[in-house]
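1. Give the three-dimensional model of this entry:
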Amino acid sequence: MSVVNTGNVQAESLRLFMGMLGYVPARWNGGFVTENPRLAGNRTLSTATAIKLHNLTGDEWVESEEAPGWYLPAGFNLRIAITAYGVNMLQASKIVQHIKFQPKRTATNGLSLPKDENVHLVRFVDQRYAPLFGLSA
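-> You can find the predicted model right below:
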């Protein structure tokens, strides 16, 4: 059995996730940008940060001590706060639970998959998604 390339599925999962946060791809070699004035403190995010944010679980968005009812990404020094509903919507926007890209400025979209073919082994958020992408569950 051969390993199926899941790079496009992983890239789409990242794009959808970042879109749910209000960000769009910034340039051909990576990064994300937003025009949302509420996110002005973090107008641009690197590809590396976007990958790390995507790979957080819902439990890793922690309630703000300063603003109860708003959740922040644990371990990040970002001014991105969302509601509990927003956390659930973020998690629902993912196609796969974790993406395995590495940021690389010389790569298209700033995304590079390591040479190890295990990077193509993904766990779908919902196994019913696999056939939609031509993959078996």
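
2. Any idea how many residues pack against the nearest residue to Glu12 once chain neighbours are set aside?
-> In this structure, Glu12 finds its nearest non-sequential neighbour in Ile95, 6.0 Å apart by Cβ to Cβ, 6 or more residues apart in numbering. No exception for glycine: its C-beta is placed from N, CA and C like everyone else's. Taking other Cβ atoms under 10 Å as the criterion, the count of residues near Ile95 is 23.

3. And for the one 3 residues further on?
-> Close neighbours of His98, defined as other Cβ under 10 Å, add up to 14.

4. OK, contacts around it?
-> When contacts are counted by Cβ atoms under 8 Å, 6 or more residues apart in numbering, His98 is found next to His54, Asn55, Val122, Arg123.

5. OK, contacts around the closest residue to the last one other than its chain neighbours?
-> By the measure of Cβ to Cβ, 6+ apart, the closest residue to Arg123 outside its immediate chain neighbours is Gln97, 4.8 Å from it. Neighbouring residues of Gln97 by Cβ under 8 Å, 6+ apart: Asn55, Val122, Arg123, Phe124, Val125.

6. ok, Asn29 touching Thr108?
-> Yes: assessed by Cβ atoms under 8 Å, Asn29 is found in contact with Thr108 at 7.2 Å.

7. quick one on the thing from earlier: out of the contacts of His98, which sit inside helices?
-> Judged by DSSP state H, helices contain the following of those: His54.

8. Tell me which of the contacts of Gln97 fall in strands.
-> Secondary structure from DSSP state E places none of the contacts of Gln97 in strands.
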